[in-house]
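Visitor: can you look at this prediction? I've put the sequence above it.
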Amino acid sequence: MKRGLLLYGAPATGKDTVTGHLISVSSEFEHFRRLKSGHGRTVGYRMTSEDHLRQLREQPGEVLWENQRYGSTYVVDRAGLDEIWRSGRVPVVHLGQDQAVTAVIERTKGQSAWTVVELHCDPALIRSRIVARATGDTDARVTAAAETPRLATADLRIDTGTVSPEVAAEMIARCM
């Protein structure tokens, strides 16, 4: 069975930073770059068009999760995951909606086994991290963070305000 890692958390809880350290700990992991249509940050995404996303939606089972945030559309696609699995690696999928965790697990049921890790930290720290990023949409990101619920269940929970990214990566690698 194919393995995967769902890294869940509000904006600025450290998903990118922890993933970078996780990849440095073990080359078996690969950051799954979601498809993105829209503006803003491009690093960490596979940029695409709305037309391409429309074509994917027409293919049954291809779109595992889709959401809109910050004026852009983000998609977890089956083909992107399959590409990582074919390479023999474990995809690390960043998610910020509890429904996304359920959707990805359910839509790949019987094909993959997911480890769910929730990253969280103090709201004041989240806000300071968001401000430091200076992306120009601070209020939207702070609001998104406040609206991100904690997961009912997770295989591992890490407070990134008290655990370094290096230690978090080691904890995740051991959990897998």
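Guide: Looks like it arrived, so ask away. Residues are numbered from 1 along each chain as shown.
Visitor: quick one: end-to-end distance for stretch 36-45.
Guide: Start to finish, the residues bounding stretch 36-45 are 6 Å apart (C-alpha to C-alpha, to the nearest Å).
Visitor: neighbouring contacts of that stretch?
Guide: 16, 31, 33-35, 46-50, 52-53, 70-75, 94, 135, 137 (C-beta atoms under 8 Å, 6 or more residues apart in numbering). Bear in mind the C-beta positions are built from the backbone N, C-alpha and C, glycine included.
Visitor: can you flag the buried ones in the residues you listed?
Guide: Buried by 16 or more other C-beta atoms under 10 Å: 31, 33-35, 48, 53, 70, 73-75, 94, 137, out of the contacts of stretch 36-45.
Visitor: mind checking which of those are in strands?
Guide: 31, 35, 73-75, 94 (DSSP state E).
Visitor: can you redo those as CSV with pLDDT?
Guide: Output for those, formatted as CSV (pLDDT from 0 to 100):
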residue, pLDDT
H31, 98
L35, 98
T73, 97
Y74, 97
V75, 98
H94, 98
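Visitor: strands of the protein, start to end?
Guide: 2-8, 29-32, 35-37, 46-47, 63-69, 72-77, 90-95, 112-120, 156-159.
Visitor: correct me, but M1 touches S112?
Guide: Yes - contact status for M1 versus S112: in contact at 6.3 Å, counting by C-beta atoms under 8 Å.
Visitor: give me the more crowded residue out of these two.
Guide: Using other C-beta atoms under 10 Å, the more surrounded residue of M1 and S112 is S112, with 17 against 7.
Visitor: beta partners of that one?
Guide: In this entry, S112 is beta-bridged to K2, by DSSP bridges.
Visitor: what's near enough to touch it?
Guide: 1-4, 81, 85.
Visitor: how about H94?
Guide: Applying C-beta under 8 Å, 6+ apart, the residues near H94 are 7, 15-16, 19, 31-32, 34, 44.
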